[in-house]
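Asks: Just the structure for this:
(2 chains)
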Number of protein chains: 2
Amino acid sequence: MNFEKLLADRTELMKANAIREILKVVSKPGVVSLAGGIPSPESFPMDIFKELTDKVLTKYASGAFQYDLTEGFMPLREQVSILLETRGITATPEEVNISSGSQGVLDAVAKLLITKGDKIALEAPTYLGALSAFNPYEPTYIRMDMDEEGLVPESLEYTLKNHEIKFIYLVPTFQNPTGRTITFKRRIQIADIIKKHNALIVEDDPYSALRYKGENIPAIKTMAPDHVIYISTLSKIFAPGLRIGFYAAPKFLRQWLVLVKQGIDLHTSTFNQALAAQYLDGNYLAAHLPKIINLYKPKQAAMLTAIKEKLPQEFVCSSSDGGMFLWVTGPKGFDMIKLYHKAIENGVAFVPGKFFFTNEEEGLETMRLNYTMANEETIHMAIGKIADTIHSM
Amino acid sequence: MNFEKLLADRTELMKANAIREILKVVSKPGVVSLAGGIPSPESFPMDIFKELTDKVLTKYASGAFQYDLTEGFMPLREQVSILLETRGITATPEEVNISSGSQGVLDAVAKLLITKGDKIALEAPTYLGALSAFNPYEPTYIRMDMDEEGLVPESLEYTLKNHEIKFIYLVPTFQNPTGRTITFKRRIQIADIIKKHNALIVEDDPYSALRYKGENIPAIKTMAPDHVIYISTLSKIFAPGLRIGFYAAPKFLRQWLVLVKQGIDLHTSTFNQALAAQYLDGNYLAAHLPKIINLYKPKQAAMLTAIKEKLPQEFVCSSSDGGMFLWVTGPKGFDMIKLYHKAIENGVAFVPGKFFFTNEEEGLETMRLNYTMANEETIHMAIGKIADTIHSM
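Replies: Prediction:
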């Protein structure tokens, strides 16, 4: 049977995926991968899972295994409401919703808002998972400038003046892929601009809890609550395999997003939500988070040192105070894809930065490096191999 | 901020939802509900969850909490492959995929195949959750005739001759809402027809394991493997709150469905998949399923007896050998919505059948009754109250 002709028109945008092709070789034996984007299994609170599951079984019994509200399991919404308060975000449990990972909200937002051809404004570069959520709804992307201080407010303002934008997608803190953070001063400007232009921001914040130095910067949501869908996740501070995301959205959108989610998966796993509620409730997170930070902080430091010591001077690393990634920009015109193929032969993988740009002409000279999965020694060795490969070119 | 104007065009079809409005009164205190569509919490294997979680923690450790393949957790795919074999369906573990409940596959199938205006052929009546998965992709629905033996093959053939159909959606066994099953003879005819017309069936099979009498009837998938996406779930034989669905699709579609799912939720909860794998692996399902059947079988029998004894003769119940629902058709022109409102006042709720039809003019005289949630005594009492309400009209 010929299924090709059955495909919906929207699959057109989903076909092209150069990054999937290029990353196929990453898992070749003997290759050290700095290409990943996942937390270290050492960061999971393995010592308490048995306690958590026992408590959930006792406390909720069959309630943890039954169908539940699309909005989310109420004990978890209560805990997330408290967690959000620590981030300066005011949302009652009723104003908080649970999703199947952040990805689940990104899909639902796209499904709710994007009609084919609608314009979405993005940081250049941006998070690929968001694109894979948005693409099936056939938007047009408008790229906005970033620099070391994150999104450039003037670029946002220009974009809103010259385009009809459905929403703006941002990862303001320890961005994937760049590790950069939008400064406090710029966040205030950005909040003012979206209020003035009556625009909507989708603020994706998976990493802000993973801060290794410097002070917390409030979310844009705290500055323009009616103009922001704030999204976060427990994937980086608990366990990604449980697929627990959460969000706080303006009321009208919240009600619609619940309706949309009903059609997608009815609701997120009750049992996992109950585990998450227990994790947040029993002060487990407060006790565990410093361990995650102590695990990643020296890895990031090791990678920064190795980059400074080993890569040629023209390869500049963006400064980053947390998260999972560092971003290196080589000299103009330098071909990181060529470097990638040669580095693989030398036993190291990274992600060429080009793939994080929606504009094909950008980012050839950039790369994303992940430091959560390797230990410090391996990181030093791997950056050394990348340096050797650069020198050999 | 005015968000109304931001909504995607596709939300138009999602707005109207009369059933949500009408069912709001179901949870009024003092109302016995036969309106539900969920398994009894007594059907969950509560006595083994602790054992299962302990085994999973020992066996998979951090692997149960890490990001995993979009295709599904391999140990679960292996077990599902074995389960499918007992249903006569041949699929290697690689040919089986896991989804976030059946709903997750229905959404992914719709996203993959439906372009606005595409025609989807449905049984009349059909499962509402499927419509809530399909609606956002703006299909047109073509209704097909059903009778006591399920979908009428001539109606399928007529539909395929006269319309360009993207896919046919069927719940062949113990259908929601009617409890009816397509006979073996008709399944053979249906398989022949779809092969002849090169058509695709989405065969949704959540209930076939819940058989209270009669013999198993093979899935249509066994008769036309290249023309069927077979979907099932552990929600009715394990625990719905874990959100574990699975499917076997022809290769081309399978690969696309995985790509689609990646944008929706990356993957289904690894921990829950590991629990499910352990449940299927350890012969727990084999030991537990008879308990579920012993729980529901007398409830179904009690409801059938009560209907026969108490409802007026012109109210005919469809015969059903399993599942969770019975379907009653009143005399032509009888208004079940009127009955619904009066029955609520008398303390009993059910779902007026009209809502399960895509054609607004059908089904006014029908009702769906659920028997999984109430005990036998309550079922007798509730049917008695419905009978009283009918007599009072």
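
Asks: low-confidence ranges in the stretch 251-393 of chain A?
Replies: Judged against pLDDT under 70, the stretch 251-393 of chain A has no low-scoring part.

Asks: Which parts of it are helices?
Replies: Using DSSP state H, counting those that start in this stretch, the helices found in the stretch 251-393 of chain A span residues A:251-265, A:270-281, A:284-310, A:336-345, A:376-392.

Asks: quick one: which of those is nearest chain B?
Replies: helix A:270-281 (3.3 Å; Cβ to the nearest Cβ). Quick note: C-beta positions are derived from backbone N, CA and C, even for glycine.

Asks: and the angle from the closest one to helix A:284-310?
Replies: Counting by axes from the mean of the first three to the mean of the last three Cα atoms, to 10 degrees, helix A:270-281 lies at 80 degrees to helix A:284-310.

Asks: near chain B at all, helix A:270-281?
Replies: Yes - on the criterion Cβ under 8 Å from any Cβ of the partner chain, helix A:270-281 is in touch with chain B at A:270-272.

Asks: Spell out which parts of the stretch 201-350 of chain A neighbour chain B.
Replies: The stretch 201-350 of chain A comes close to chain B at residues A:226-227, A:235, A:239-243, A:250, A:252-253, A:256, A:259-260, A:262-272, as judged by Cβ under 8 Å from any Cβ.

Asks: Filter the residues you listed down to the buried ones.
Replies: Buried by 16 or more other Cβ atoms under 10 Å in any protein chain shown: A:227, A:235, A:239-243, A:250, A:253, A:256, A:259-260, A:262-272, out of those.

Asks: Tally up the residues packed near A:Lys213, please.
Replies: 11 (other Cβ atoms under 10 Å in any protein chain shown).

Asks: I'd guessed it sits against A:Asp321; true?
Replies: Yes - applying Cβ atoms under 8 Å as the test, A:Lys213 and A:Asp321 come out as touching, 5.0 Å apart.

Asks: which residues do the two both contact?
Replies: With Cβ atoms under 8 Å, 6 or more residues apart in numbering or on different chains applied, the contact sets of A:Lys213 and A:Asp321 do not overlap.

Asks: Out of the residues of helix A:270-281 next to chain B, flag the one nearest to B:Lys28.
Replies: Closest to B:Lys28 out of these is A:Thr270 (24.3 Å), distances taken as Cβ to Cβ.

Asks: Contacts only, for the closest one.
Replies: A:63-68, A:73, B:241-242.

Asks: Reformat those as CSV; add pLDDT, distance to B:Tyr169 and secondary structure.
Replies: Shown next, in CSV, are the contacts of A:Thr270 (pLDDT from 0 to 100; distance: Cβ to Cβ, whole Å; DSSP: H, G, I helix; E, B strand; the rest coil):
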residue, pLDDT, distance to B:Tyr169, secondary structure
A:Gly63, 97, 32, helix
A:Ala64, 97, 31, helix
A:Phe65, 97, 28, coil
A:Gln66, 96, 26, coil
A:Tyr67, 95, 21, coil
A:Asp68, 95, 26, coil
A:Phe73, 98, 30, coil
B:Gly241, 97, 25, helix
B:Leu242, 98, 24, helix
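
Asks: do the helix or strand hosting A:Phe49 and chain B meet?
Replies: In this structure, A:Phe49 sits in helix A:49-60 according to DSSP states H and E. Yes - for a cut-off given as Cβ under 8 Å from any Cβ, helix A:49-60 has contacts with chain B, namely A:49-50, A:53-54, A:57.

Asks: Neighbour-wise, which one of those leads?
Replies: Using other Cβ under 10 Å as the neighbour criterion, A:Thr53 leads the residues of helix A:49-60 next to chain B with 24 neighbours.

Asks: Could you list which residues are in contact with A:Glu164?
Replies: A:Lys119.

Asks: Next one: it, what pLDDT does it get?
Replies: Per-residue confidence for A:Glu164 comes out at a pLDDT of 97.

Asks: and the gap between it and A:Asn198?
Replies: Counting by Cβ to Cβ, to the nearest Å, the gap from A:Glu164 to A:Asn198 is 11 Å.

Asks: ditto for A:Tyr137
Replies: According to Cβ to Cβ, A:Tyr137 stands 22 Å off from A:Asn198.

Asks: Between the two, which has more neighbouring residues?
Replies: A direct count of neighbours by other Cβ under 10 Å for A:Tyr137 and A:Asn198 places A:Tyr137 higher, at 25 against 12.

Asks: from what I can see that one touches A:Leu112, true?
Replies: No - A:Tyr137 lies out of contact with A:Leu112 (Cβ under 8 Å); the separation is 9.4 Å.

Asks: shared neighbours, these two?
Replies: Shared between the contact lists of A:Tyr137 and A:Leu112 (criterion: Cβ under 8 Å, 6+ apart) are residues B:Ala8.

Asks: got the contact list for A:Leu364?
Replies: Shown in contact with A:Leu364 (Cβ under 8 Å, 6+ apart): A:333-337, A:352, A:354.

Asks: 6 Å instead?
Replies: Residues near A:Leu364 by Cβ atoms under 6 Å, 6 or more residues apart in numbering or on different chains: A:335, A:354.

Asks: Could you pull up phi and psi at it?
Replies: With angles defined as degrees, to the nearest 10, A:Leu364 sits at phi -60, psi -30.

Asks: Distance check, it against A:Lys338.
Replies: With Cβ to Cβ as the criterion, A:Leu364 and A:Lys338 are 9 Å apart.

Asks: and what of A:Leu253?
Replies: For A:Leu253, the distance to A:Lys338 - Cβ to Cβ - is 44 Å.

Asks: Kindly report the same for A:Ile82.
Replies: 50 Å.

Asks: can you check A:Asp204 too?
Replies: Relative to A:Lys338, and taking Cβ to Cβ, A:Asp204 is found at 31 Å.

Asks: any weak-confidence spans in the stretch 101-250 of chain A?
Replies: Counting by pLDDT under 70, the stretch 101-250 of chain A contains no low-confidence residues.

Asks: all helices of it, in order?
Replies: Ranges of helices in the stretch 101-250 of chain A, per DSSP H, counting those that start in this stretch, are A:101-113, A:128-134, A:153-162, A:184-196.

Asks: Throw those into a markdown table and include distance to A:Val26 and mean neighbour count, thanks.
Replies: Output for the helices of the stretch 101-250 of chain A, formatted as a markdown table (distance: least, Cβ to Cβ, whole Å; neighbours: other Cβ atoms under 10 Å in any protein chain shown):
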| stretch | distance to A:Val26 | mean neighbour count |
| --- | --- | --- |
| helix A:101-113 | 21 | 28 |
| helix A:128-134 | 15 | 22 |
| helix A:153-162 | 33 | 17 |
| helix A:184-196 | 34 | 18 |
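
Asks: Report the rounded mean pLDDT for the helix holding A:Phe49.
Replies: Here the average pLDDT along helix A:49-60 is 97.

Asks: what angle separates it from helix A:284-310?
Replies: Using the same axes, to 10 degrees: helix A:49-60 against helix A:284-310 is 150 degrees.
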